[in-house]
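**Q** next comes the sequence, and after it the predicted model I'd like to discuss.
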Amino acid sequence: MQDTIFEAIKNDPANKKYTEAGIDPLYVAPKEAKILIVGQAPGKRAQDTRLFWNDPSGDNLRAWMGVSREEFYQSKEFAILPMDFYFPGKGKSGDLPPRKDFAKKWHPLFLEQMPDIELTLLVGSYATKHYLHLKSTTKLTDVVRDYQVYLPEYFPLVHPSPRNQLWQSKNPWFAQTVLPELKKRVQAIIK
């Protein structure tokens, strides 16, 4: 079934420019996965290397969860479905946002194939607002601070980018309360 979905994504007219350029959709969806990570979209480096979270942001995310690179990439415990499976391009202040209806169209097909998901990490505002059906004006800080409201199914997070160090220094509660709970829940699922 996953091969069929992969081909459907590649052949979708909305993805024609990527397919014609020889760029395949980037996601990881093992049927055995227990933890789903939903982020924004692959960065240019991820698209070029075909490896998600292979950067300082990924190092931070793995540290937050208490998992090694080997566990993250080779265990089949983790699925990664970004809000768009293609690098959207560069904007004035970083990468462009994912296409609006991409996740709505493709994520349900993959979720049907992964029945053992116990926890979904929502990384950043696009994933959080989509999955939690929040208004665009909702502040991510407030959602992350109130993460317990969305458990046990969802765990909203800020992006683990090193650029968010200032945000973390202004919100010490994140490291003091949110990250220990995240690590505890991830470890309980994968051990």
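**A** Everything's here; your move.

**Q** so what touches the helix or strand of the chain with the lowest mean pLDDT?
**A** Comparing every helix and strand of the chain by mean pLDDT, DSSP states H and E singles out strand 94-95 as the least confident one, with a mean of 84. With CB atoms under 8 Å, 6 or more residues apart in numbering as the test, strand 94-95 has contacts from Gln40, Ala41, Gly43, Lys44, Phe87, Pro88, Gly89. All C-beta spots, glycine's among them, are computed from the backbone N, C-alpha and C.

**Q** who wins for most neighbours among those?
**A** Each of these was scored for neighbours by other CB atoms under 10 Å, and Ala41 scores highest at 24 neighbours.

**Q** how is it assigned, secondary-structure-wise?
**A** Under the three-state scheme (DSSP: H, G, I helix; E, B strand; the rest coil), Ala41 adopts coil.

**Q** for it, what are its contacts?
**A** Under the contact definition (CB under 8 Å, 6+ apart), the residues listed for Ala41 are Pro82, Met83, Asp84, Phe85, Tyr86, Phe87, Pro88, Asp95, Pro97, Pro98.

**Q** now list the buried members of those residues.
**A** Pro82, Met83, Asp84, Phe85, Tyr86, Phe87, Pro88, Pro98 (16 or more other CB atoms under 10 Å).

**Q** save those residues as TSV, and put in secondary structure, pLDDT and distance to Gly22 too.
**A** Converted to TSV, those look like this (DSSP: H, G, I helix; E, B strand; the rest coil; pLDDT from 0 to 100; distance: CB to CB, whole Å):
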residue	secondary structure	pLDDT	distance to Gly22
Pro82	coil	98	19
Met83	coil	98	22
Asp84	coil	98	18
Phe85	coil	98	15
Tyr86	coil	97	12
Phe87	coil	96	13
Pro88	coil	94	17
Pro98	coil	96	21
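
**Q** of all those residues, which two lie farthest apart?
**A** Considering CB to CB, no two members of the buried ones among the contacts of Ala41 lie farther apart than Met83 and Phe87, which are separated by 12.2 Å.

**Q** ok, how many other residues are close to His133?
**A** Each residue near His133 was counted by other CB under 10 Å, and the total is 6.

**Q** from Tyr150, how far out is it?
**A** With the distance defined as CB to CB, to the nearest Å, His133 ends up 11 Å from Tyr150.

**Q** which stretches of the chain form strands?
**A** In chain order, the chain shows strands spanning 35-38, 78-80, 90-91, 94-95, 119-123, 154-157, with DSSP state E as the criterion.

**Q** wait, what's in contact with the closest residue to Ile190 other than its chain neighbours?
**A** The shortest distance from Ile190 to any residue other than its chain neighbours is 4.8 Å, reached at Glu77 (CB to CB, 6 or more residues apart in numbering). Shown here is Glu77, whose contacts under the criterion CB under 8 Å, 6+ apart are Glu32, Ala33, Lys34, Ile35, Glu71, Ile189, Ile190.

**Q** please consider this matter closed, and thank you.
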